[in-house]
Each structure stands twice: as structure tokens, then as C-alpha cells.
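>>> Need coordinates for the following:
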Amino acid sequence: MATSRGSSDAAPRLRGRDFLDMTPGLTEIGHEIDVHDVVPVPSASLQLSTVLDIVGRASELVSGDHAGAILTQGTDTLEEVAYLVDLLWACDEPFVVTGAMRNPTLAGPDGAANLLAAAVVAADPAARGLGVVVAFSDEVHAARWVRKQHSTSLATFGSPNQGPIGHVIESRFTVFNAPRRLPPLACPDPDVAAATRVALYTASFDDDGLLLDGVEESHDGLVVAALGGGHVAASIADRLAAIAQRIPVVLASRTGAGPVLRETYGAVGSEIDLQRRGLLNAGYLDAYKARILLRVLLSTGADREQITAELDRRS
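Predicted coordinates for the structure are as follows:
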């Protein structure tokens, strides 16, 4: 089990073994849990290189005699980290990501229940071949679809475009809707990935576009979290077209659910117009995951044709 933990001034830092000691029922799942502490930082400070290291170490463990892997981390970037691992995870063994919304100093902490659910999933043969999943609040979500949807709710994680793929009830994992497993991407070199920069720009009402100035000089790619089904103000359409001539620009939606349209609206700044100007359609992939995907692809030398193909395959 690879572990990275968020913390606050209200709670002492806990080691992975501390979490195990707090969690009743783990001995009943029939597997011994091996603990590997990674970095004791809030999840907002996690870096891509750390996640690449976790993927490598977890892959080595499951190639031995481990049934699966669990990553516990803070929830702020949990959906992005889970998706990154899913892009690279080449093993049939399950990789389960979980965390907690309430730390142990608060009434009703949820960490132990989530860890138990994650362990149940990781140990269950039914989880083999599912790729990376998130276990939270007794629901199991595919990393490809999961989103953090509330800043404080214990049931914050959901998959608005699909719903959970299964549940953990009475320490049993039931799969209702197994996701289609996609082939993993090549794992990038950590130094190359660290040097690869992808910007995220969110379109908004009465947008002046000033934050786009110079982005093609400072970054290797850009993701636009557009309005609605893939729209921006007409005043910035030319600017995005110019950027798309220099670096890949991916068009996603800021709404949190639903796809970017392809052929419904044709006004300047709408999806038909932006695609004609060279922007690449992210489909159902939200802007945060599109940024992760684009960064991995650029880190491994993918060209525009390959980026387009992967967006079509994974959206």
C-alpha cells in the first residue's frame, strides 16, 4: 500500500500504520497489508514525479505476491491523481485510491471506513482488470469518470456522467457497471514530465482573454475549460486560433458533466468554429483530466495526430 497524506494544523501527521490500527475489520479480508509511506504532504502539493514513482513501486509489488495496491491521499487532487495512475497502470491487479473528508480530530471521521472499503476492493478478484478505481463512502468509481463535487460532504466523490461502477456493502464488493479498460500509455521520463507544462484556462462571462497572452511561449500545451458545450467569447477566438498554430489546444467544458459538442453551434467562438481553428475536442473528458492526459502525451513525444486519437479514444 502506497500512502501519501494530507494534514491540517488541527491534526497530527499520521503514518500508514496508524491508519491501519484505526480501522476495524481489516484482518477479516484475508490479506496482510504491507505499508509503504511515501510523502507526508497535502495533496495540493503532490507532484507528477511522485505519482510516477508510486506507479512504478506499486507495479513491482503486484508483480510479486500482492493482490492489489491502495493509495491513500488528501482529497483535493484525488481525482487527478487517480486518473494519472489509470493512464499508466498496466497491471490487471486493482489499484484503489481513497482518502477522508474528516480528519480524526473531528466527530465522525470517515477515513477508516473508506480504507476498509478500499482494502475490500483491492483484495477482491472481481476488481481485476478494472483499472484504477476510487473507493469512497462505500461507492466505487472509475478513475476515468470520478469528480470531487462538494467541498465538505462525505459523499463528495461521484461520477456525473456514469455513476458508480459498484458498491461495498457488508465488506463485499459488487460490480454493477464495469468500465471498458483502455490500453495504458507509455510512462514518461520523470525529468521530461516535470519540464512539460500544460496550462488550464477557464472561459468566463465578459472574458478579456488577457491571461492567454504569452501562453504559447511559456507552455507546451493548453486546455480551455469552455462555457457550456464548448464555447468562448467571440473576442478571444482569434487568439486561441493563433495559439493552436503553435501548441496543442484542447477544448473541454467547465460544466463538470456532459460532452463538448462537435457540430451543433457555428457562431464565432462556438465549438464548430473553434474546431475549424485547430482546437481539439475533449468530448466527455473534463478539463482537469484533459490537462493530465495532454501532459502525459506531450511528455512522451506525441504529435497532434496521436493526441487527437487519444482524446477520441479516452473521451
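>>> going forward, measure contacts and count neighbours with C-alpha atoms only.
Noted.
>>> And stretch 38-54, what's buried?
By neighbour count on 16 or more other C-alpha atoms under 10 Å, the buried set for stretch 38-54 is V38, P40, V41, P42, S43, L46, L48, S49, V51, L52, I54.
>>> you'd agree the fourth one is up against T77?
Which is P42. No: shown here, P42 and T77 do not form a contact pair, counting by C-alpha atoms under 8 Å, at 9.3 Å.
>>> Return the distance of E32 relative to D65.
11 Å (C-alpha to C-alpha, to the nearest Å).
>>> Can you list the residue ranges for strands in the stretch 1-150 of the chain?
Listed in chain order, the strands of the stretch 1-150 of the chain (DSSP state E, counting those that start in this stretch) span 2-3, 36-37, 69-72, 95-98, 132-136, 139-142, 147-148.
>>> could the ones you listed be laid out in TSV, adding mean neighbour count and distance to V215?
Listed next are the strands of the stretch 1-150 of the chain as TSV, based on neighbours: other C-alpha atoms under 10 Å; distance: least, C-alpha to C-alpha, whole Å:
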stretch	mean neighbour count	distance to V215
strand 2-3	20	35
strand 36-37	16	37
strand 69-72	26	34
strand 95-98	30	33
strand 132-136	31	32
strand 139-142	27	32
strand 147-148	22	27
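>>> Work out the gap between the helix ranked longest in the chain and the centre of the chain.
When the chain is parsed with DSSP state H, its longest helix is helix 48-62. From the chain centre to the centre of helix 48-62 is a distance of 15 Å (C-alpha atoms, centre = their mean, to the nearest Å).
>>> Stretch 64-76 too?
The answer for stretch 64-76 is 14 Å, by C-alpha atoms, centre = their mean.
>>> Could you do stretch 239-257 as well?
Distance, centroid of stretch 239-257 to centroid of chain: 19 Å (C-alpha atoms, centre = their mean).
>>> Buried residues, it. List them.
Here stretch 239-257 shows 240-241, 243-244, 247-257 as buried, counting by 16+ other C-alpha under 10 Å.
>>> next one: stretch 78-93
78-93.
>>> which residues are in contact with that stretch?
Stretch 78-93 is contacted by residues 43, 51-52, 55, 59, 62, 67-69, 97-98, 122, 127-134, 143-144, 146-148, 183-187, 288-289, 292-293 when judged by C-alpha atoms under 8 Å, 6 or more residues apart in numbering.
>>> Which neighbouring elements make contact with the longest helix of the chain?
If contacts are counted by 3 or more C-alpha pairs under 8 Å, 6 or more residues apart in numbering; DSSP states H and E, helix 48-62 sits against helix 78-88, helix 190-195.
>>> Show me which of E32 and D65 is the more surrounded one.
E32 (12 against 8; other C-alpha atoms under 10 Å).
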